[in-house]
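> sequence first, predicted model second:
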Amino acid sequence: MNTSNRRRFLQHSALAVASATRLLAQVPGERPSRTGTVRILNPRNRVPVGLIIDDSTCLVNTNKFAMPQFDQAFGHGAAVYHRNWRDWPNEIPDAFVRKFGEWCAAEGVKGKYSIVPYPACVGRLDRMLPGWTQKELRESIDLVRTVMLPNWDIHPEMVTHTRVIDLKTGHPHADHSLKYMENWEWTTGRSAEEIAEYMAYALRILKNIGLPCEGITTPGGFGGKALPQLARATSLAVRDVYGAEIPHYFRHLFSEGTQSVAPRVEYASGLDGSDPRCVVSIIGCTGDWTGGWDNTPPGGVDRFIDPDLATGRMVDVIQRGEPAMMLAHWTGMHWNGKELGFGVFREVVRRLKARFDQLIWMKLSEVSRYWAARELTSIEMLESGARLRAPYRCPEFTLRFPPGARGNPSIRSDGTRSDLVEVSNHRVLRDGTWCWQGQDRILCFTLLKGVSEVVFGN
């Protein structure tokens with residue numbers, strides 16, 4: 001497959017199947033019973049937004065070293081891999097990571113930041129990176145832990161993002177073809193268990209360097225012809241290595257059209273037991289418009305949101321009320337030190353804040369937890385409220401109750417009662433509060449795992 005962008009493959013694939021979503025659909029699994037007209041809303045009745053950063057890692061400019069490997073796999077016939085990669089810097093410096101991370105923290109920006117564990121076969125982060133000292137590597141990992149972790153999920157992007165590693169030897173397979181590139185054909189025909197074993201190899205490197213992880217990002221076409229196996233492998237690997245309660249993965253992307261970009265909660269089971277299970281597919285909603293993985297010129301701010309704040313992909317998705325998760329590649333953010341992508345992103349954030357007052361920045365793990373609770377919590381109407389049976393704890397769980405209930409609301413769980421505090425409107429909702437919206441009431445509270453009751457009055 002001749003492709004000029006490793007994520008463009010996903011965009012083209014997604015658009016091609018927009019009218020045949022069964023090709024991307026996974027098995028939803030169990031779903032709970034619900035009665036009445038109570039609606040589950042977005043957290044705090046806001047629209048989640050976030051940024052998905054791909055191809056990042058510690059120090060190594062992954063795509064400089066990936067470019068010739070991709071060229072080899074395609075038999076030197078694809079023009080996109082003939083760019084002047086030799087002139088690119090070997091390193092995306094920690095000074096840029098700090099600058100980016102501190103700016104995002106100040107602006108409230110959250111999302112996902114990849115750490116490729118064995119970037120382009122240069123070296124393993126839990127052992128050494130040839131070309132950098134052990135002190136430099138240790139400080140780079142510490143920077144991710146202190147600056148990025150509070151607001152960003154960490155994902156591996158498989159092991160190398162380029163060539164497939166032989167798990168028995170720890171070295172790349174001798175075959176340089178697409179068949180043994182992570183981005184293309186290796187997953188085709190493989191079982192969930194085989195793919196999970198490979199994912200676990202990547203996850204253990206991150207665990208060895210002390211970085212937490214609840215999800216996986218696929219490089220390029222990884223899993224494209226093995227979607228059910230990919231989802232189940234994610235669940236197996238992330239639960240095995242990290243014990244994550246709600247594993248999630250990022251693979252799909254729809255950068256235009258009306259196809260839903262809401263997360264998909266898949267393979268749900270055991271909802272009534274002590275060990276409920278599911279895996280969540282997070283879907284991106286924009287193209288790589290902050291600058292490509294290969295340092296192509298940025299698509300620009302206007303594709304996200306125009307100067308009049310009236311149109312653009314982010315406007316479309318936010319107005320639908322679905323999570324608007326943007327895509328960027330770390331190479332394009334840095335753009336050989338010119339920081340072109342970062343400049344685009346800063347203006348996108350400024351325009352979003354000028355246009356909308358109902359956004360909530362979230363990490364992918366936070367979106368996944370909310371959607372798992374949203375999809376899998378049962379609701380039974382009672383005379384004085386509702387009984388909820390939740391497989392997962394979920395902060396800022398938000399419900400809309402229709403007219404009819406009398407008195408102030410409270411939450412009862414495990415023999416305790418928490419009264420909710422009335423606030424003036426839904427824009428100031430927080431955990432433990434409620435407000436009127438017309439004749440309806442909107443409640444926001446921490447949903448506990450197990451059985452809870454929403455009670456009105458005494």
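Perfect, I can see it now.
> can I get stretch 124-132 in CSV, CA atoms only?
Extracted in CSV, the C-alpha atoms of stretch 124-132 (Å, rounded to 0.1, in the frame of the first residue of the first chain):
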residue,chain,number,x,y,z
ARG,A,124,15.2,0.4,24.4
LEU,A,125,14.1,3.0,26.9
ASP,A,126,14.6,0.5,29.8
ARG,A,127,18.1,-0.3,28.7
MET,A,128,19.9,2.4,26.7
LEU,A,129,19.7,4.8,23.7
PRO,A,130,22.9,4.7,21.7
GLY,A,131,23.8,8.4,21.1
TRP,A,132,22.6,9.6,24.5
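> what's the average pLDDT for that stretch?
Stretch 124-132 carries an average pLDDT of 97.
> can you confirm Cys106 is in a strand?
Small correction: residue 106 is Ala, not Cys. No - assignment of Ala106 by DSSP: H, G, I helix; E, B strand; the rest coil gives helix, placing it outside any strand.
> distance check, it against His334.
Between Ala106 and His334 the distance, using CB to CB, to the nearest Å, works out to 19 Å. In this view, the C-beta of every residue, glycine as well, is placed from N, C-alpha and C.
> and these two? which has more neighbours close in?
His334 (25 against 8; other CB atoms under 10 Å).
> list the contacts of that one.
Asn61, Ile92, Phe96, Gly341, Phe342 (CB atoms under 8 Å, 6 or more residues apart in numbering).
> repeat for Leu203
Applying CB under 8 Å, 6+ apart, the residues near Leu203 are Pro156, Cys213, Ile216, Ala237, Val238, Val241, Tyr242.
> among those, which are in helices?
Ala237, Val238, Val241, Tyr242 (DSSP state H).
> SS state for Trp434?
strand.
> max pairwise distance over the ones in helices among the contacts of Leu203: which two?
Pairwise distances across the ones in helices among the contacts of Leu203 peak at 8.8 Å for Ala237 and Tyr242 (criterion: CB to CB).
> more neighbours: which of these two?
Ala237 (28 against 18).
> now that one: how far from Gly170?
Taking CB to CB, one finds Ala237 at 18 Å from Gly170.
> cool, and Met381?
Distance from Met381 to Gly170, by CB to CB: 57 Å.
> check contacts around Ala105.
Ala105 touches Val147, Pro150, Asn151, counting by CB under 8 Å, 6+ apart.
> any of those residues buried? List them.
Val147, Asn151 (16 or more other CB atoms under 10 Å).
> can you redo the contacts of Ala105 as TSV with distance to Ala373, secondary structure and pLDDT?
As requested, the contacts of Ala105 are exported to TSV (distance: CB to CB, whole Å; DSSP: H, G, I helix; E, B strand; the rest coil; pLDDT from 0 to 100):
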residue	distance to Ala373	secondary structure	pLDDT
Val147	29	helix	98
Pro150	22	coil	95
Asn151	21	coil	98
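> tell me, how many residues neighbour Gln358?
For Gln358, using other CB under 10 Å, the count is 13.
> need the contact list for it.
So Gln358 contacts Asn45, Arg46, Val47, Arg427 (CB under 8 Å, 6+ apart).
> please apply the same query to Val428.
So Val428 contacts Cys435 (CB under 8 Å, 6+ apart).
> which pLDDT value belongs to the nearest residue to Thr187 once chain neighbours are set aside?
Spatial nearest neighbour of Thr187, excluding adjacent residues (CB to CB, 6 or more residues apart in numbering): Ala226 at 4.5 Å. Ala226 carries a pLDDT value of 95.
> same check, this time on Ser365
Predicted confidence (pLDDT) for Ser365: 98.
> that one touches Glu214, doesn't it?
Yes - contact criterion CB atoms under 8 Å: Ser365 and Glu214 qualify, at 4.6 Å.
> what is in contact with the two at once?
With CB under 8 Å, 6+ apart as the test, Ser365 and Glu214 both reach Asp153, Ile246, His248.
> top of the residues you listed by neighbour count?
Most neighbours among the shared contacts of Ser365 and Glu214, by other CB under 10 Å: His248, with 31 neighbours.
> contact partners for that residue?
Glu214, Gly215, Ile216, Thr234, Pro263, Val279, Val280, Ser281, Ile282, Leu364, Ser365, Ser368.
> gap between it and Gly457?
39 Å.
> and if you look at Thr286?
46 Å.
> between these two, which has more neighbouring residues?
Thr286 (27 against 11).
> so what's that one closest to, chain neighbours aside?
With CB to CB, 6+ apart as the criterion, Thr286 has its nearest non-adjacent residue at 4.7 Å, and that residue is Met326.
> look up how far Thr398 lies from the one you found.
23 Å.
> cool, and Phe100?
Phe100 is 31 Å from Thr398, by CB to CB.
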